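In: Quick one, structure for this:
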Amino acid sequence: MANPDTACVVWKLSLSNYKFFFEQVWGTGSLDIAWPSDVSTKHSPVDRVIAAAPTHDPVQITAAPELETVNDTLAIIRWTSTKPRGTDLHYGIVHYGTDATNLSQVAKSPNRRNSSHPDMIFRVRVARLKPQTTYYYTVESTSATAVNDGVSSRIRTFKTR
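Out: This next block holds a predicted model:
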């Protein structure tokens, strides 16, 4: 049989040109498994592969979102996270609104990952705001392929001038 078990299928998928498509569904790095050294000759029985988990740490926000600058119609929100996996281009996303229970507006800015730094700083420009208005917001990030990095902040607030 060509694929004696599910682990064999996953191993072959992790090496294929289609890996990118499956990671869009299951998340970046989901196929980065520490396979046994003899996997190519034995196609690894399932019980030997289950213990091998992905070797990456989940993304975490290391510096909480904060207001970098604000005026009457514009705000720039900055935060830092551990370096996300996947594409070098990531998007910082701010969900915001004037009601903490309805963050229906979205601002998104591209941010490039620097492989020589352990963390990634996100900056998102939130424009077309109303003067003298309190806004509520939360942040998250995604890869260029729209795979969510799996972390978001608690709801925070700022006021325009």
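
In: Run a quick neighbour tally on Gly150.
Out: 15 (other C-beta atoms under 10 Å). For every residue, glycine as well, the C-beta is placed using N, CA and C.

In: I'd like to know how far it sits from Gly86.
Out: Gly150 sits 11 Å away from Gly86, going by C-beta to C-beta, to the nearest Å.

In: buried residues in the lengthiest helix in the chain?
Out: Longest helix in the chain, counting residues (DSSP state H): helix 6-15. Of all the residues in helix 6-15, those buried under the rule 16 or more other C-beta atoms under 10 Å are Ala7, Cys8, Val10, Trp11, Ser14.

In: what ranges do the strands span in the protein?
Out: Per DSSP state E, the chain carries strands over the ranges 61-70, 75-82, 89-97, 105-112, 119-126, 134-143, 148-152, 156-159.

In: hey, least reliable of these by pLDDT?
Out: Per-stretch mean pLDDT for these is lowest at strand 148-152 (a mean of 88).

In: Ile33 is in contact with Ser14, isn't it?
Out: Yes. Between Ile33 and Ser14 a contact is recorded at 6.6 Å, counting by C-beta atoms under 8 Å.

In: wouldn't Val126 be in contact with Ile76 here?
Out: Yes. Val126 is in contact with Ile76 according to C-beta under 8 Å; the separation is 7.3 Å.

In: Look at the two and report which has more neighbours.
Out: Each of Val126 and Ile76 has its neighbours counted (other C-beta under 10 Å); Val126 has more, 23 against 18.

In: any idea how far the more buried one is from Val106?
Out: Distance of Val126 to Val106, given as C-beta to C-beta: 9 Å.

In: what do those two both touch?
Out: Val94, Tyr96 (C-beta atoms under 8 Å, 6 or more residues apart in numbering).
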